[in-house]
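**Student:** everything below, folded, please.
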Amino acid sequence: MTTHFEAPGYLAVSAEVQHALLNRQPVVALESTIISHGMPYPDNVATALKVEAEVRAHGAVPATIAIVDGTLTAGLLPAQIEALGKRGPEVVKVSRRDIPFVVAAGQTGATTVAATMVIAAMAGIRIFATGGIGGVHRGAEQSFDVSADLQELAQTSVAVVCAGAKSILDLRLTMEYLETHGVPVVGFQSDMLPAFFTRSSGVAVNYRLDTAVEMARVLHSKWSMGLQGGVVIANPIPAEFAMTEAIIDQAIEQALAEAAQQGIGGKDTTPFLLARVNALTGGNSLAANIALVLNNARLAASVAKALVALG
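**Tutor:** As a prediction, this is how the structure comes out:
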């Protein structure tokens, strides 16, 4: 697997990340919507910097990804992270479809899971840590509201370490969609798909692997054979930070009802629901969110190290 740099003139890779890639050192991509839309300031900036530090502490180089003044950027500087955090939700939330518009307009945008995967793949980064992926929304039978994250996983060869799909979604339909598109969902030391704030959704994963080395071997085999597409590495939230299922479910149901009453839909849905769930749980879900992102960063760094060792 070779490192490649596509989109000349559009892609900027930080000196630290470029040095790591060219010298076959492990790199972990990190998204930026968690900074702008996932948490309030200054928690968002503090968390982003903590996640980067966690990746470094476990032997890999972090590459936080965003679009900065129209340039696809892999490896944000601390000042750029601070600026994203301060601007918060006023920053454009960018999925795959939005990339050319934000670039052409010279805007700054925070990348979702899908857009982060696109830019990571352009830079030659194979491992990506986030909180939770998007999925099939509840009521999708009528709304057809399916996150672009899932289709990106079907076509872009980046492994996403996450705490499963966000529990505001229909997790069974999310798994069905991923299966249809050939995306493996692998539980790390778990037979069940985690539900973001809780360790299990009751929905079985496709495979269980118990070490980062096993994960890396699968990724190496998949991509070396030319089997394109991503892999979901589902890493349950640490038990000490997991929330009670009944409390989370009640908060989610209330938040969903409020979203429907206010006519909130599309890409505004997830930030609204997460903010409301955080408020309804007295801030406990924010603490859980931070803990699970750090946990995913640790595992991603370990998988990235093991993948590099395989050549």
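**Student:** just for this protein, where's the confidence low?
**Tutor:** Low-confidence regions of the chain, defined by pLDDT under 70, span residues 1-8, 267.
**Student:** for it, what's the longest helix?
**Tutor:** Looking across the chain with DSSP state H, the single longest helix is helix 284-309.
**Student:** dig out what Gly164 forms beta bridges with.
**Tutor:** Listed by DSSP bridges, the beta-bridge partners for Gly164 are Ala195.
**Student:** got it, and Gly109?
**Tutor:** Beta-bridge partners for Gly109, by DSSP bridges, are Ile67, Val92.
**Student:** coming back round to it: what is the longest helix of the chain packed up against?
**Tutor:** strand 27-30, helix 43-57, strand 127-129, strand 159-162, helix 212-224, strand 231-234, helix 269-280 (3 or more CB pairs under 8 Å, 6 or more residues apart in numbering; DSSP states H and E). C-betas here are computed from N, CA, C, even on glycine.
**Student:** quick one: closest of the ones you listed to Ile248.
**Tutor:** With CB to CB as the measure, helix 269-280 is the member of the helices and strands packed on helix 284-309 nearest Ile248 (7.2 Å).
**Student:** hmm, who's touching that closest one?
**Tutor:** Residues outside helix 269-280 that contact it (CB atoms under 8 Å, 6 or more residues apart in numbering) are 37-38, 89, 93, 134, 137, 145, 166, 168, 248, 250-252, 254-256, 258-259, 262, 264, 285-286, 289.
**Student:** switch the cut-off to 7 Å
**Tutor:** When contacts are defined by CB atoms under 7 Å, 6 or more residues apart in numbering, helix 269-280 is touched by residues 37-38, 89, 134, 137, 166, 168, 251-252, 254-256, 258-259, 264, 285-286.
**Student:** likewise stretch 15-25?
**Tutor:** Surrounding stretch 15-25, the residues in contact under the criterion CB under 7 Å, 6+ apart are 3, 27, 61, 63, 74-75, 124, 308.
**Student:** can you tell me which of the contacts of helix 269-280 end up in helices?
**Tutor:** Among these, the members found in helices (DSSP H) are 251-252, 254-256, 258-259, 285-286.
**Student:** contacting residues for Lys86?
**Tutor:** When contacts are counted by CB under 7 Å, 6+ apart, Lys86 touches Tyr41.
**Student:** now stretch 62-79: buried residues?
**Tutor:** When burial is assessed from 16 or more other CB atoms under 10 Å, stretch 62-79 yields the following buried residues: 62-68, 72-76.
**Student:** so what's Met39 up against?
**Tutor:** Met39 sits next to 47, 286 when contact means CB under 7 Å, 6+ apart.
**Student:** hmm, 8 Å instead?
**Tutor:** Taking CB under 8 Å, 6+ apart, we find Met39 in contact with 47, 286, 289-290.
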